[in-house]
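Generate coordinates for the sequence data below:
(one chain, ligands or ions: 2)
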Amino acid sequence: MFKIPKHQVAGHQAIDGNLGPLVDDSGRFYKPLQDDERGTTELAFYQSFSSKLPHHIRGFFPVFYGTQLVEASDGSGLHPHLVLQDITSNHLNPSILDVKIGSRTWYPEASEDYIQKVLEGDRLTTTVTLGFRISGLQIYESKESGYWKPARKEVKSFSADDVRLVLRKFVSLNLEPEPDCCFASTIYGGCSGILEQLLELKAWFEDQTVYHFHSCSLLLLFDKESVLNGRTVPFKVKLIDFAHTVEAKGVIDHNFLGGLCSFIKFVSEVLTDFKVPTIEARFN
Ligand SMILES: Nc1ncnc2c1ncn2[C@@H]1O[C@H](COP(=O)(O)OP(=O)(O)OP(=O)(O)O)[C@@H](O)[C@H]1O
Ligand SMILES: O=P(O)(O)O[C@@H]1[C@H](O)[C@H](O)[C@@H](OP(=O)(O)O)[C@H](OP(=O)(O)O)[C@H]1O
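Numbers count the residues shown, from 1 in each chain. Ligands and ions are numbered 1, 2, ... in the order given. You can find the predicted model right below:
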């Protein structure tokens, strides 16, 4: 049984009769293959990436289960979909950040029209100034308040200070009046925390000349309740959206690497500014 994803934070959505991704109950995410070059590029990436990446890096990507003809969400009939691991499955109330990495989402091989279109988006957001932008988010507050999920328009208008605030809210139990950052040490810090994982990814990007990940996002996800209940695997760092990922032809992906370094700095600042004890220490 296919459903509209409950926890999608950005991108094309299967609401109001549009073509968008679907999920099922077995933990799979069905992304419609776009009819143009984006579809063929993303499919080619998923079909080849696992043999091209070192083993320790493969976990940063959703598992790929091939393609499947599925009834499209826009009612247009059977349509080929990429079948991916649903990163949100097994999470009841996930807090999610979609961060588009790179100081430009255009690339020289793209058409002039495409470059003009996305360049405008890059200039109007923090892409140009910071080397990354938040594309979408949801932060779980509580049973009573539900999620803080600002509209696309608001997210697109985020300044550097807004980005700082979001990164604090993401790891807070109480978002207002000031984010308490009480999950910062547990989620961002620690020997297997988000920061450590981002640094592992950065070390690979310093060397890899296999792909250029244009317009690709980092999806950060964790479940506050799992952390509070002391359950394991409290967070995930995944790369998504490979519709513009091309062969690197021996050249370092400076665009992604630079954006990733900048994002790492913003995450590190939350840890240094808020030297709070781990959530376990606070509740024990
Ligand atoms: N494997 C996945 N599991 C769970 N959620 C996912 C997965 N892949 C993507 N998503 C959700 O869907 C959103 C959009 O994904 P993606 O960027 O791949 O789509 P898109 O339509 O190509 O986006 P864009 O229009 O920005 O290019 C993400 O922000 C995330 O919320
Ligand atoms: O970040 P925003 O402002 O939400 O804008 C979207 C974003 O730039 C996507 O990368 C782009 O899709 P592609 O990367 O697939 O080109 C999409 O184009 P589209 O809506 O024309 O498909 C834009 O709407």
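
So residue 30, which state does it fall into?
Secondary structure assignment for residue 30 (DSSP: H, G, I helix; E, B strand; the rest coil): strand.

where's the longest helix out of those in the chain relative to the chain centroid, distance-wise?
Ranked by number of residues, the top helix in the chain under DSSP state H is helix 254-273. Relative to its parent chain, helix 254-273 has a centroid offset of 15 Å by C-alpha atoms, centre = their mean, to the nearest Å.

Same question for stretch 84-92.
13 Å.

how about that stretch: buried residues?
84, 86, 87, 88, 89, 91 (16 or more other C-beta atoms under 10 Å). (Each C-beta comes from the backbone N, C-alpha and C, glycine too.)

could those residues go into a markdown table alongside secondary structure and pLDDT?
Below are those laid out as a markdown table (DSSP: H, G, I helix; E, B strand; the rest coil; pLDDT from 0 to 100):
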| residue | secondary structure | pLDDT |
| --- | --- | --- |
| 84 | strand | 98 |
| 86 | coil | 98 |
| 87 | coil | 97 |
| 88 | coil | 96 |
| 89 | coil | 94 |
| 91 | coil | 90 |
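
pull the CA atoms of the longest helix of the chain into PDB?
Output in PDB follows, covering the C-alpha atoms of helix 254-273 (Å, rounded to 0.1, in the frame of the first residue of the first chain):
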ATOM      1  CA  HIS A 254      35.700  21.600  -4.400                       C
ATOM      2  CA  ASN A 255      32.200  22.900  -4.500                       C
ATOM      3  CA  PHE A 256      30.800  20.200  -2.200                       C
ATOM      4  CA  LEU A 257      34.000  20.100  -0.100                       C
ATOM      5  CA  GLY A 258      33.900  23.800   0.600                       C
ATOM      6  CA  GLY A 259      30.200  23.800   1.500                       C
ATOM      7  CA  LEU A 260      30.700  20.800   3.700                       C
ATOM      8  CA  CYS A 261      33.600  22.600   5.600                       C
ATOM      9  CA  SER A 262      31.400  25.600   6.100                       C
ATOM     10  CA  PHE A 263      28.500  23.500   7.400                       C
ATOM     11  CA  ILE A 264      30.900  21.600   9.700                       C
ATOM     12  CA  LYS A 265      31.900  25.000  11.200                       C
ATOM     13  CA  PHE A 266      28.300  26.000  11.900                       C
ATOM     14  CA  VAL A 267      27.700  22.600  13.600                       C
ATOM     15  CA  SER A 268      30.900  22.900  15.600                       C
ATOM     16  CA  GLU A 269      29.900  26.400  16.800                       C
ATOM     17  CA  VAL A 270      26.800  25.000  18.500                       C
ATOM     18  CA  LEU A 271      29.000  22.600  20.500                       C
ATOM     19  CA  THR A 272      31.500  25.200  21.500                       C
ATOM     20  CA  ASP A 273      28.900  27.900  22.300                       C
END
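
and that helix, what does it pack onto?
Helix 254-273 sits against strand 94-101, helix 126-130, strand 132-142, helix 160-169, helix 184-187, helix 194-205, strand 211-213, with contacts defined as 3 or more C-beta pairs under 8 Å, 6 or more residues apart in numbering; DSSP states H and E.

just the buried residues of stretch 84-92 now: which is nearest ligand 2?
Closest to ligand 2 out of the buried residues of stretch 84-92 is residue 84 (15.9 Å), distances taken as C-beta to the nearest ligand atom.
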